[in-house]
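In: Whatever this is, show me its structure:
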Amino acid sequence: MQITIFDLEFECEYFYIHTNSIVEKITFNNRTFYTKLQKEKMPIDAYLFNQYQAQKVSLALPLIENDCVNYIVIEYKQDDWQAFYALLKHLLKSLNIEKAQAYRNSNENLFQLFIPQKKISLESSYKIVEEIKHLLAFKSKKSYKVYPDNNLPKNFNIITLPTQKI
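Out: Okay, here's the model as predicted:
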């Protein structure tokens, strides 16, 4: 199913809805992961999409489809997200990354930067992620996440949909 949010386009077979209770538990690399995201295999209907736009429900999508990635995503969950965004723009220029789209999810006080990629392999995306993490390690606090994350199970590389474009 094709899902378009602002100018982001996703091709995926399912989506997730945030719930109040733990839905799934997975053990991966001697770590246990829990999720409160319920997997739904039906298309997002107009009613659900309207609830998302009214910020009554949180929706999420898988970042990895068929071992390919269309976006590398940097998430930051602090009040000083504008300063972090300015830092990111500078760091991405040093990596010759010119296209990036910034969004917020005001429900979760979450800043998200989507870096478009054209169906690159997981291994290629992991290399780019490591370069970004390496640069951020020198300049920033550790309160960010970069996806896809090879320390997570593939099906836990899930991105919450933004609610506003910056």
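In: Tell me if residue 126 really is in a helix.
Out: Yes. Counting by DSSP: H, G, I helix; E, B strand; the rest coil, residue 126 falls inside a helix.
In: so what's residue 89 up against?
Out: Contacts for residue 89 (Cβ atoms under 8 Å, 6 or more residues apart in numbering) come out as residue 100. The C-beta positions use only the backbone N, C-alpha and C, and glycine is treated the same way.
In: And the one helix or strand it maps to, what's buried?
Out: Secondary structure assigned from DSSP states H and E places residue 89 in helix 81-94. For helix 81-94, the neighbour count (16 or more other Cβ atoms under 10 Å) marks 81, 84-85, 87-88, 91-92 as buried.
In: same thing with stretch 16-32?
Out: 16-18.
In: before we move on, the earlier item: any chance of the buried residues of helix 81-94 in JSON lines, with distance to residue 61 and pLDDT too?
Out: Output for those, formatted as JSON lines (distance: Cβ to Cβ, whole Å; pLDDT from 0 to 100):
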{"residue": "81", "distance to residue 61": "21", "pLDDT": "90"}
{"residue": "84", "distance to residue 61": "23", "pLDDT": "91"}
{"residue": "85", "distance to residue 61": "22", "pLDDT": "92"}
{"residue": "87", "distance to residue 61": "26", "pLDDT": "90"}
{"residue": "88", "distance to residue 61": "22", "pLDDT": "92"}
{"residue": "91", "distance to residue 61": "25", "pLDDT": "90"}
{"residue": "92", "distance to residue 61": "23", "pLDDT": "91"}
